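> please find the sequence and the predicted model below.
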Amino acid sequence: MIAIVASAAGMQTAMADQPAKQVFGAAKLPAVLPARAIGFYSKGCLAGGIAIPTDGPTWQAMRLSRNRRWGHPDLIALVEKLSREAAAKDGWPGLLVGDIAQPRGGPMLSGHASHQVGLDADIWLTPMPQRTLTAAERENISATSMLRKNTLQVDDRVWTPAHARLLMRAASYPEVERIFIHPGIKKKLCDTWKGDRSAMGKLRPYYGHHYHFHIRIKCPPGTSGCRSQNPPPSGSGCDKSLAWWFTDEPWAPAKPKKNDKPKPRKREIQLSDLPQACSVVAAAPGPASEAEVTFGADPIARIARANANAAGVAASAFPAVPLPGRIPLPVPRPVN
């Protein structure tokens, strides 16, 4: 036991000053630990992640080569629930699931700044086809933009009432903290949605997000060391904060200042820059196979109990987690 614990500690020390994206991007399977989102959406990691299956009755996972269909069990369960209820009640044939997180979360080798703690998921706005996509199709087909070309307005040739019902259903779940969508889609919903508008404020306009929407859930109840984003402002968001997106200001390139010196190269985030518990996650053992940690197998508690002592990293052994500040956002802009 002493040797095993010493080995794990040695691995943590060896990885501490490696680029975090290299450490977490190299992990093919999750950490066999009790499920826990650690840190903030843009600075953290994931213990005990599970994968959404590549195919389900009402979903298909996309871009499988990225290995980003992992998340906290609460998020994976919510995506499955949304797919099932939208198909049964909203006329939506099924979800095409984009990036969720890497097996152990953390910074990614490319792409997202967030999606680090297993509580974010991208869902395409393209309806699932009534057939199983091939591996090549999942890698190469593109999601459908909801906008008219070179405008901020929704294209009514591709937008349907079922899109609106899907988004409003996703926002209605109490565990959902916010949903990022393009300002044009938000305006379309503000202008046309006739049903319950109590969750409208969770739909937050943001850059991009015209071909997919981004679900973010709150930290699971009772989780230590996980920080939810501040709640969105009260109200529907169908106000001057939305109108701002239809001015020139959000889209204007930044004006260079006189005598600006070249900015130094941005330092890569090291493993030691993340919450301390992420070193435990990075060094923890993985499961024997992906099948053991795929949604529906109920694997986490069983595997964690079997391996916690051998790993020397029982749930109570996680060190204290320093929490980061707020995620940086473009300024000036309304609160997102």
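Alright, I've got the coordinates. Residues are numbered from 1 along each chain as shown.

> okay, CA-based contacts and neighbour counts for the rest of this
OK.

> in stretch 183-200, what's buried?
183-190, 199-200 (16 or more other CA atoms under 10 Å).

> not counting that stretch itself, show me its contacts.
Residues from elsewhere that reach stretch 183-200 (CA atoms under 8 Å, 6 or more residues apart in numbering): 146-147, 152-154, 164, 168, 171-172, 203-207, 210, 235-238, 242, 245.

> tell me how far the ends of that stretch are from each other?
For stretch 183-200, the separation between the terminal residues is 13 Å (CA to CA, to the nearest Å).

> could I get the buried residues of stretch 183-200 as a markdown table with secondary structure and distance to residue 113?
Below are the buried residues of stretch 183-200 laid out as a markdown table (DSSP: H, G, I helix; E, B strand; the rest coil; distance: CA to CA, whole Å):
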| residue | secondary structure | distance to residue 113 |
| --- | --- | --- |
| 183 | helix | 20 |
| 184 | helix | 23 |
| 185 | helix | 23 |
| 186 | helix | 23 |
| 187 | helix | 26 |
| 188 | helix | 27 |
| 189 | helix | 27 |
| 190 | helix | 28 |
| 199 | coil | 26 |
| 200 | helix | 25 |
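
> out of those residues, which comes closest to residue 255?
residue 183 (23.3 Å; CA to CA).

> return the per-residue confidence for the closest residue to residue 238 other than its chain neighbours.
Of all residues not flanking residue 238 in the chain, residue 190 sits nearest, at 5.8 Å (CA to CA, 6 or more residues apart in numbering). Looking at residue 190, its pLDDT is 98.

> for residue 108, helix, strand, or coil?
coil (DSSP: H, G, I helix; E, B strand; the rest coil).

> any idea how far the spatially closest residue to it that is not a sequence neighbour lies from residue 266?
Counting by CA to CA, 6+ apart, the nearest residue to residue 108 once its immediate chain neighbours are dropped is residue 21, at 5.1 Å. The gap separating residue 21 from residue 266 is 14 Å, by CA to CA.

> so how far is residue 105 from the residue nearest to residue 108?
In terms of CA to CA, residue 21 sits 10 Å off from residue 105.
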